[in-house]
Each structure stands twice: as C-alpha cells, then as structure tokens.
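Chemist: model the structure of this input:
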Amino acid sequence: VEVNVKMKKVYCPPKIAEGNPCLEYIKYQVLPWFNQFIVEWSADNGGNKTLKIFEELTTNYESGELHPGDLKPSLAKALNKILE
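Modeler: Below you'll find the predicted structure:
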C-alpha cells in the first residue's frame, strides 16, 4: 500500500523518457523480474497492453500514448508483486 502512495509523488515527466525514474524502475527491476510490463487500461481505452521490450515502452511513452497517470499505477502494482 505504501508503494502506491509513494508512487503518486514520483517525478515522471510526460513524454520524456531520458532520466525518467519510473521508466528506470521498469527497465532495471520490473522487466528483468517479469520479462514484461503490463499497463492496465479499461476496456474503453483499448484494454491492457503488455510490453516486453524497453524500447517499445519508451516509444509509447515519448509519443504520449502512455501517460504518467497510466504508467504509475501499473508500476506500483508490479513493484508490490515483487515485494510480496
């Protein structure tokens, strides 16, 4: 639960991948642990998206397709699973 609260405060500039702490967490912790990163979207927004390659994630993020408001909750969920 504390991860969720902390994640809301993490610096995560929209459309900027370089030096973005959230993307660094995904690159060095989530992808090696799960071999994928799942972004959870509602069915109205196209449903969940599974990303397995970091470059695909950065491309989606820099284009604005993936917003910090979508990235952070999915990252928090992944980190909570690692900590279990």
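
Chemist: all helices of the chain, in order?
Modeler: 2-9, 21-25, 31-34, 54-63, 68-83 (DSSP state H).

Chemist: enumerate every residue touching Tyr61.
Modeler: For Tyr61, the contact set (C-beta atoms under 8 Å, 6 or more residues apart in numbering) comprises Lys15, Ala17, Asn20, Leu23, Leu71. No exception for glycine: its C-beta is placed from N, CA and C like everyone else's.

Chemist: thinking the third one is in contact with Pro14, fair?
Modeler: Same thing as Asn20. No - taking contacts as C-beta atoms under 8 Å, Asn20 lies outside contact range of Pro14: 9.6 Å.

Chemist: between those two, which is the more surrounded one?
Modeler: Regarding Asn20 and Pro14, a neighbour count based on other C-beta atoms under 10 Å identifies Asn20 as having more, with 22 against 13.

Chemist: what are the buried residues along the worst-scoring helix or strand of the chain on mean pLDDT?
Modeler: Every helix and strand of the chain was ranked by mean pLDDT, DSSP states H and E. The lowest is helix 2-9, at a mean of 90. Of the residues in helix 2-9, Met7 count as buried by neighbour count, 16 or more other C-beta atoms under 10 Å.
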